[in-house]
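Trainee: pasting the sequence and the predicted model now:
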Amino acid sequence: MKKIVLSVAALTLSMSAYNAVAANGNVAFTGEIVQSTCKVSDQDQNKQVYLGKYPTTAFPTSGSTSGAKAFDINLEKCEAGDYTLRFDGNTPAGHPELLSVTGGAGGVGIEVLDHNGATLPISQNVTSPALVTVAADGANPGSATFNLRARYKSYQDVVTAGQANATATFAIEYK
């Protein structure tokens with residue numbers, strides 16, 4: 001009798017284990033490979049923006065900003081469509097909207113703004129701001145300009161003096 005009970009128990013366990021792993025499904029991957037949709041103008045591929053010199057007293061509290069300096073990134077040979085601009089770089093802890101500065105200054109970072117004054121997040125996907133639309137047709141590629149500004153912004157109540165330089169890479173994304 002014990003042999004029969006053990007055999008039935010083993011058979012029951014093996015059937016339930018088989019049912020536990022029974023699952024299936026599908027994954028569909030879609031996309032398209034296209035010719036380059038847009039090119040950054042040669043003069044804008046290695047951009048330099050001089051922000052100026054400011055005294056520490058220009059930043060009396062956290063959130064204080066310097067004057068903004070305008071700069072552009074121009075696109076050419078673009079297919080029709082919407083494009084966004086993404087900046088990647090180091091950010092101060094807890095401040096993903098600022099680029100970290102090097103060279104000794106402390107408590108301050110660099111903020112990049114679009115033409116409407118909206119802050120561009122650093123190292124994050126951008127859907128808007130920094131969106132441009134290009135009108136073009138197959139025979140006549142279009143062009144566009146990202147009108148931007150940059151400024152210093154304090155993220156601490158005390159800003160210390162020193163060089164305040166930063167670098168970032170940027171990428172144009174076709175939407």
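Mentor: Ah, there it is.
Trainee: what's the distance between the residue nearest to the spatial centre of the chain and residue 132?
Mentor: By CA atoms, centre = their mean, the chain has its centre lying nearest to residue 124, at 2.8 Å. As for residue 124, its distance to residue 132 is 18 Å (criterion: CB to CB, to the nearest Å). Bear in mind the C-beta positions are built from the backbone N, C-alpha and C, glycine included.
Trainee: and if you look at residue 87?
Mentor: On the measure of CB to CB, residue 87 and residue 132 end up 15 Å apart.
Trainee: same question for residue 55.
Mentor: Remark: distance between residue 55 and residue 132 (CB to CB) = 36 Å.
Trainee: show me what stretch 167-175 is in contact with.
Mentor: Applying CB atoms under 8 Å, 6 or more residues apart in numbering, the contact partners of stretch 167-175 are 37-38, 40, 73, 75, 79, 81-89, 99, 112, 122, 125-127, 131.
Trainee: doesn't residue 81 make contact with residue 141?
Mentor: No. With contacts counted by CB atoms under 8 Å, residue 141 stays clear of residue 81, the gap being 11.3 Å.
Trainee: re earlier: mind telling me what element the residue nearest to the centre of the chain is part of?
Mentor: Using DSSP states H and E, residue 124 is not contained in any helix or strand.
Trainee: got a list of what the nearest residue to it once chain neighbours are set aside touches?
Mentor: Closest residue to residue 124 apart from its sequence neighbours, by CB to CB, 6 or more residues apart in numbering: residue 96 at 6.5 Å. Residues counted as contacts of residue 96 (CB under 8 Å, 6+ apart) are 121, 122, 123, 124.
Trainee: what subset of the residues you listed is buried?
Mentor: 121, 122 (16 or more other CB atoms under 10 Å).
Trainee: nearest to residue 27, of the contacts of residue 96?
Mentor: residue 124 (26.4 Å; CB to CB).
Trainee: burial of residue 50, as a residue count?
Mentor: 8 (other CB atoms under 10 Å).
Trainee: same question for the one 4 residues further on.
Mentor: Other residues near residue 54 number 19, with proximity taken as other CB under 10 Å.
Trainee: next one: residue 88
Mentor: 13.
Trainee: is it in contact with residue 122, as I believe?
Mentor: Yes. The criterion here is CB under 8 Å, and residue 88 meets it with residue 122 at 6.9 Å.
Trainee: show me where this structure has its helices.
Mentor: 2-20 (DSSP state H).
Trainee: returning to that earlier point: pLDDT-wise, what's the bottom of the contacts of residue 96?
Mentor: Here the lowest pLDDT out of the contacts of residue 96 sits on residue 124, with 84.
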